[in-house]
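Colleague: what follows is a predicted structure for the sequence shown.
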Amino acid sequence: MLEAHELRKSYGRSPALDGFGLTVAAGEIAGLIGHNGAGKTTFVEIVTGLTRPDSGSVTVAGVDALRRPRAARRLFGVAPQETALYAAATVRDQLRLHGALAGLRRRALHRAVARTAEELRLTGCLDTRAGLLSGGQRRRTQAATALMGDPPLLLLDEPTAGADPETRDALLAAVRARAAAGAAVLYTTHYLPELTDLDATLAVARAGRVIARGTRAELLRGLPGELRLVLDPAGAPLPAGTPARSYEGVLRVPARDPAAELARLLAAGCRPASVDVRRPGLDDLYRSLAAKETTRAA
Ligand SMILES: Nc1ncnc2c1ncn2[C@@H]1O[C@H](COP(=O)(O)OP(=O)(O)OP(=O)(O)O)[C@@H](O)[C@H]1O
């Protein structure tokens with residue numbers, strides 16, 4: 001549904017995108033992750049026609065988004081990182097406008113406004129002007145405008161940044177429903193748990209390129225998790241050579257197989273007063289990919 005190849009874009013001498021490539025299939029939610037400045041927003045802006053790349057290609061459902069931006073525009077809904085709503089217009093008006101732009105008329109438009117407002121828990125503020133909405137309501141309204149007209153591609157750039165749990169839950173449920181109905185979703189975030197909730201595949205951007213692409217299981221496989229323990233002083237101390245760090249009285253022991261590591265510590269006579277297992281997260285993934293790149297470059 002979305003295919004981008006070899007995108008390059010520089011601002012002055014600094015490349016924002018440096019051979020960026022990404023494909024997202026219909027029905028797939030692809031989580032685009034990466035440190036600040038990795039090029040995620042630049043990529044979204046290129047797909048939406050806000051920024052022109054220096055070279056490369058982008059197609060949406062086979063339509064060349066760089067040569068035919070107007071035709072491509074009908075195929076996606078976008079929720080940009082900065083909310084962009086008309087302050088004086090009501091939530092209903094914003095949704096009607098985006099529905100009309102997506103080709104909906106009369107009853108179909110009316111139904112889509114009601115359905116999308118309900119999905120994003122906006123029914124109670126349909127007649128409120130955007131300028132008077134809370135931050136969470138504004139985020140939900142922005143996301144709702146992207147969903148109007150059921151576009152085959154959704155581009156959501158950090159849609160839950162700063163959102164309260166109610167906003168996040170509503171948004172994630174709406175995104176899941178649209179993907180289940182066949183939409184391709186590009187979802188930019190800094191929160192791995194959201195991508196787990198969405199059952200998303202991952203694309204990791206770094207320095208203007210996608211350096212890893214796959215399912216969470218594929219990308220996180222083999223990364224160490226961590227055992228976090230408070231030891232009972234009546235038991236044995238950690239065996240010599242255990243690579244632990246102590247933080248506010250809690251010992252942190254990196255472990256590829258936390259259950260096996262815990263069994264080893266128990267066998268050595270340690271008596272944990274509390275145990276917590278931390279699974280590998282985004283930081284662990286970024287660290288391991290950075291280490292692989294350094295090894296490759298050496
Ligand atoms: N309009 C611009 N003018 C100059 N440099 C820019 C412009 N837009 C982006 N950049 C630069 O391009 C690089 C990529 O920025 P981009 O916003 O795409 O990153 P990002 O991955 O979305 O970051 P974040 O996670 O902070 O949103 C950065 O170095 C940024 O400073």
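Modeller: Arrived safely, thanks for sending.

Colleague: can you give me the helices in the stretch 151-298 of the chain?
Modeller: 165-180, 192-197, 216-220, 258-267, 282-297 (DSSP state H, counting those that start in this stretch).

Colleague: okay, the ones you listed in a markdown table with distance to the ligand, mean neighbour count and mean pLDDT next?
Modeller: All C-beta spots, glycine's among them, are computed from the backbone N, C-alpha and C. Shown next, in a markdown table, are those (distance: least, CB to the nearest ligand atom, whole Å; neighbours: other CB atoms under 10 Å; pLDDT from 0 to 100):
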| stretch | distance to the ligand | mean neighbour count | mean pLDDT |
| --- | --- | --- | --- |
| helix 165-180 | 18 | 18 | 92 |
| helix 192-197 | 14 | 16 | 87 |
| helix 216-220 | 18 | 15 | 86 |
| helix 258-267 | 30 | 15 | 91 |
| helix 282-297 | 12 | 13 | 76 |
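
Colleague: pretty sure residue 110 sits in a helix.
Modeller: Yes. Under DSSP: H, G, I helix; E, B strand; the rest coil, residue 110 sits within a helix.

Colleague: relative to the ligand, how far out is it?
Modeller: 36 Å (CB to the nearest ligand atom, to the nearest Å).

Colleague: what is the burial count for that residue?
Modeller: Using other CB atoms under 10 Å, residue 110 has 13 other residues around it.

Colleague: do the same with residue 12
Modeller: Neighbour tally, residue 12, other CB under 10 Å: 5.

Colleague: ok, it - contacts?
Modeller: Contact partners of residue 12, counting by CB atoms under 8 Å, 6 or more residues apart in numbering, are absent.

Colleague: which bits of the chain sit near the ligand?
Modeller: 11, 14, 16, 34, 36-42 (CB under 6 Å from any ligand atom).

Colleague: in contact with the residue nearest to residue 103 when sequence neighbours are not counted, which residues?
Modeller: Once flanking residues are discounted, residue 103 sits nearest to residue 149: 6.5 Å by CB to CB, 6 or more residues apart in numbering. Counting by CB under 8 Å, 6+ apart, residue 149 makes contact with 77, 98-99, 101-104, 112.

Colleague: look at residue 149 and report its pLDDT.
Modeller: Turning to residue 149, the model gives it a pLDDT of 88.

Colleague: what does residue 298 give?
Modeller: Taking residue 298 on its own, its pLDDT is 65.

Colleague: still on that earlier bit, columns distance to residue 60 on top of the helices of the stretch 151-298 of the chain, output as JSON lines?
Modeller: As requested, those are exported to JSON lines (distance: least, CB to CB, whole Å):
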{"stretch": "helix 165-180", "distance to residue 60": "16"}
{"stretch": "helix 192-197", "distance to residue 60": "22"}
{"stretch": "helix 216-220", "distance to residue 60": "25"}
{"stretch": "helix 258-267", "distance to residue 60": "43"}
{"stretch": "helix 282-297", "distance to residue 60": "28"}
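
Colleague: tell me which of those helices sits nearest to residue 125.
Modeller: Ranking the helices of the stretch 151-298 of the chain by proximity to residue 125 (CB to CB) places helix 165-180 first, at 12.4 Å.

Colleague: show me what that closest one is packed against.
Modeller: For helix 165-180, the elements it packs on are strand 29-33, helix 106-119, helix 135-147, strand 153-157, strand 184-188, helix 192-197, judged by 3 or more CB pairs under 8 Å, 6 or more residues apart in numbering; DSSP states H and E.

Colleague: could the ones you listed go into CSV alongside distance to residue 257?
Modeller: CSV is the format used below for the helices and strands packed on helix 165-180 (distance: least, CB to CB, whole Å):
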stretch, distance to residue 257
strand 29-33, 25
helix 106-119, 41
helix 135-147, 39
strand 153-157, 35
strand 184-188, 31
helix 192-197, 20
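
Colleague: for the closest residue to residue 15 other than its chain neighbours, give me the pLDDT.
Modeller: Spatially, and ignoring its direct neighbours in sequence, residue 15 is nearest to residue 208 (5.2 Å; CB to CB, 6+ apart). What the model reports for residue 208 is a pLDDT of 95.

Colleague: wait, isn't residue 208 in contact with residue 21?
Modeller: No. Counting by CB atoms under 8 Å, residue 208 sits too far from residue 21 to count as a contact (10.9 Å).

Colleague: gap between residue 29 and residue 194?
Modeller: Note on residue 29: its distance to residue 194, by CB to CB, to the nearest Å, is 10 Å.

Colleague: many thanks, I have nothing further to ask.
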